[in-house]
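Participant: This is a predicted model, with the sequence first.
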Amino acid sequence: MTNVDRPAGLLPNRHVAGGTPQRSGGYTIADGLAQDLYSGDPVVLTGNGRDITIASAGDDNPILGVFAGCAYVDANGEQQFRPRWPSGTSATEIEAYVYDDPNQEFVAQVDDTLGLEEGEVGFNANLVAGAGNDFTGRSGWQIDKTGMAATATFQVKILGLARQPENDYGQYAKARCRINRHLLANAVAGV
């Protein structure tokens with residue numbers, strides 16, 4: 001089977017305690033933030049109240065969660081609900097939705113031609129940035145195959161292969177994962 005190359009960032013999959021898998025908290029985005037944010041991008045706090053910004057790939061700083069979209073009043077006074085934040089947007093009443101629960105499970109594509117191997121389940125990995133899609137608002141982030149290991153400072157923990165049609169181990173595999181270096185929880189070493 002050949003997996004489809006379709007990175008989409010971190011997609012909410014399920015919550016480990018059951019119930020609603022898409023539990024989000026409200027945050028803000030600085031007016032005019034010169035950065036694109038796409039649904040599925042990992043985000044961090046800026047250190048300025050509850051403002052968020054995109055995380056850095058491979059950074060060992062804790063991740064707050066995953067950007068789910070935003071609402072704001074644009075420069076024309078129109079209410080907007082968007083899956084992405086366009087760089088430099090001038091707005092008021094900005095609210096960013098972030099999947100910030102440390103027990104949220106996600107699905108993300110593994111980069112590299114080797115993709116995910118069965119023996120890597122339980123390892124930790126970093127994330128790698130990818131170009132977002134301006135039309136759909138979806139992220140292009142993926143799980144970085146390079147250096148997948150038991151390193152506790154890596155950004156996500158690999159939980160297994162995502163249960164999706166036409167998804168198998170190997171190139172472009174979609175993996176279940178959780179944020180390992182979560183701002184609201186403790187990091188755990190991989191196996």
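Facilitator: Cool, the structure landed. Numbers count the residues shown, from 1 in each chain.
Participant: Quickly list the domain ranges of this structure.
Facilitator: Domain segmentation of the chain under automatic domain parsing yields 25-99, 104-179.
Participant: for those domains, which one sits closest to residue 8?
Facilitator: Across these, residue 8 has its closest neighbour in domain 104-179 (4.8 Å, C-beta to C-beta). In short, each C-beta sits where N, CA and C put it, glycine included.
Participant: Give me the distance from that closest one to the chain's centre.
Facilitator: 10 Å (C-alpha atoms, centre = their mean, to the nearest Å).
Participant: and if you look at stretch 57-70?
Facilitator: Using C-alpha atoms, centre = their mean, the offset of stretch 57-70 from its chain centre is 6 Å.
Participant: I would like the C-alpha coordinates for that stretch, written out in PDB, please.
Facilitator: Below are the C-alpha coordinates for stretch 57-70, written out as PDB (Å, rounded to 0.1, in the frame of the first residue of the first chain):
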ATOM      1  CA  ALA A  57      10.500  23.200  14.900                       C
ATOM      2  CA  GLY A  58      12.800  21.000  17.000                       C
ATOM      3  CA  ASP A  59      12.700  23.400  19.900                       C
ATOM      4  CA  ASP A  60      12.900  21.900  23.400                       C
ATOM      5  CA  ASN A  61      10.700  24.600  24.800                       C
ATOM      6  CA  PRO A  62       7.200  23.400  26.000                       C
ATOM      7  CA  ILE A  63       4.300  23.700  23.500                       C
ATOM      8  CA  LEU A  64       1.000  25.100  24.700                       C
ATOM      9  CA  GLY A  65      -1.100  23.200  22.200                       C
ATOM     10  CA  VAL A  66      -2.300  23.200  18.600                       C
ATOM     11  CA  PHE A  67      -4.000  26.200  16.900                       C
ATOM     12  CA  ALA A  68      -7.600  25.400  16.000                       C
ATOM     13  CA  GLY A  69      -8.700  28.700  14.400                       C
ATOM     14  CA  CYS A  70      -9.600  32.200  15.400                       C
END
